[in-house]
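A.B. asks: No sequence on hand, only this structure:
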């Protein structure tokens, strides 16, 4: 989710070409509203959005029983501060800096969505 429609289009096209079903939201409230109708397997979330930024959106998602278990990958051109990491780090799976390389982003998404490996003796 991003409030920049060009970025949404590019990310959407990339992941559709990789075989993913993609739903986009143009902002934090749009994302929260969409969760009522469709619960995704993963959310890519930009930090710098208005009027609700990515951190506020993340916290709203994690407070909602319908979306609290959805993994979130933060994607932003703004480096998280130590305070950001301290306050929000336990709520997202990974933080990817923009400009992002699509192979790197695809690798992160693949790792987050991969089933856990169970080792037995």
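C.D. replies: Thanks, I have it. Computed from a predicted model, the values in this text were never measured in an experiment. Numbers count the residues shown, from 1 in each chain.

A.B. asks: just so I have it, where are all the helices in the chain?
C.D. replies: All helices of the chain, identified by DSSP state H, fall at 5-17, 28-34, 54-63, 82-88, 102-113.

A.B. asks: got the angle for the longest one vs helix 102-113?
C.D. replies: Interaxial angle, helix 5-17 versus helix 102-113 (axes from the mean of the first three to the mean of the last three Cα atoms, to 10 degrees): 70 degrees.

A.B. asks: any idea of the mean pLDDT in helix 5-17?
C.D. replies: Averaged across helix 5-17, pLDDT comes to 90.

A.B. asks: Export the helices of the chain as a markdown table, with columns for distance to residue 72.
C.D. replies: In short, each C-beta sits where N, CA and C put it, glycine included. Formatted as a markdown table, those follow (distance: least, Cβ to Cβ, whole Å):
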| stretch | distance to residue 72 |
| --- | --- |
| helix 5-17 | 15 |
| helix 28-34 | 10 |
| helix 54-63 | 6 |
| helix 82-88 | 10 |
| helix 102-113 | 9 |
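
A.B. asks: could you point out where this protein is predicted with low confidence?
C.D. replies: Residues of the chain that meet the criterion pLDDT under 70 lie in 1-3.
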